[in-house]
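Undergrad: model the following, please.
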Amino acid sequence: MSTRKIIVKAKGAGLSEFERFVEQALHDLQNNTDEEFSRSLQTLYLCSAKEVPVGQGRKAVVLFVPVPLLSRFHTIQKRLVRELEKKLSGKHVLVIAQRRVLKPEKRGHRAYRQPRPRSRTFTAFCDAFLEDLVFPTEILGKRTRYRLDGSRVTKV
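TA: I've put the predicted structure just below:
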């Protein structure tokens, strides 16, 4: 196994068993594919990988990547997902950016020295998450339906 880490955690936290498995699969892809794909994989890294239940006993693999590297992941995402789905026994693979939500400021208490950017709001987070989730396709329209009890349902 190579000494280069593909999954880099904040503050040197350890990798879980599943993350080690995904890292090994990515190392195998890097070593056993053509040179161009291998070179593009060498410059990329992940924040974490998680296995989530999807329903009916099936599971999906979610790869969390840093936001600045997301556009570079998008260039190779189709092939990366296809190859990883083969290696991970047919589980769906999703590439999502690791984003942060900042709490809104309370009245009379300024938590941050500057205004909260729009990209750190919960609404912007949800919109960006949805964009990442359906990446190869584009979202053409959204409708928000307000129910009588005050809850909201968004149809994409």
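Undergrad: starting at the chain centroid, how far to the longest helix along the chain?
TA: Scanning the chain for the helix with the most residues, using DSSP state H, yields helix 70-87. Computed by C-alpha atoms, centre = their mean, to the nearest Å, the chain-centroid distance of helix 70-87 equals 12 Å.
Undergrad: likewise stretch 67-84?
TA: The answer for stretch 67-84 is 10 Å, by C-alpha atoms, centre = their mean.
Undergrad: what of stretch 8-20?
TA: 15 Å.
Undergrad: make 29 the first number, not 1, from now on.
TA: Sure, I'll start numbering at 29, so the last one becomes stretch 36-48.
Undergrad: going on from the longest helix of the chain, what's the next piece of helix or strand?
TA: Per DSSP states H and E, the first helix or strand lying C-terminal to helix 98-115 is strand 120-126.
Undergrad: now do that following strand and helix 98-115, the angle between them.
TA: If you take axes from the mean of the first three to the mean of the last three C-alpha atoms, to 10 degrees, strand 120-126 sits at 150 degrees to helix 98-115.
Undergrad: what's strand 120-126 packed up against?
TA: When contacts are defined as 3 or more C-beta pairs under 8 Å, 6 or more residues apart in numbering; DSSP states H and E, strand 120-126 sits against strand 86-94, helix 98-115, helix 150-161. C-betas here are computed from N, CA, C, even on glycine.
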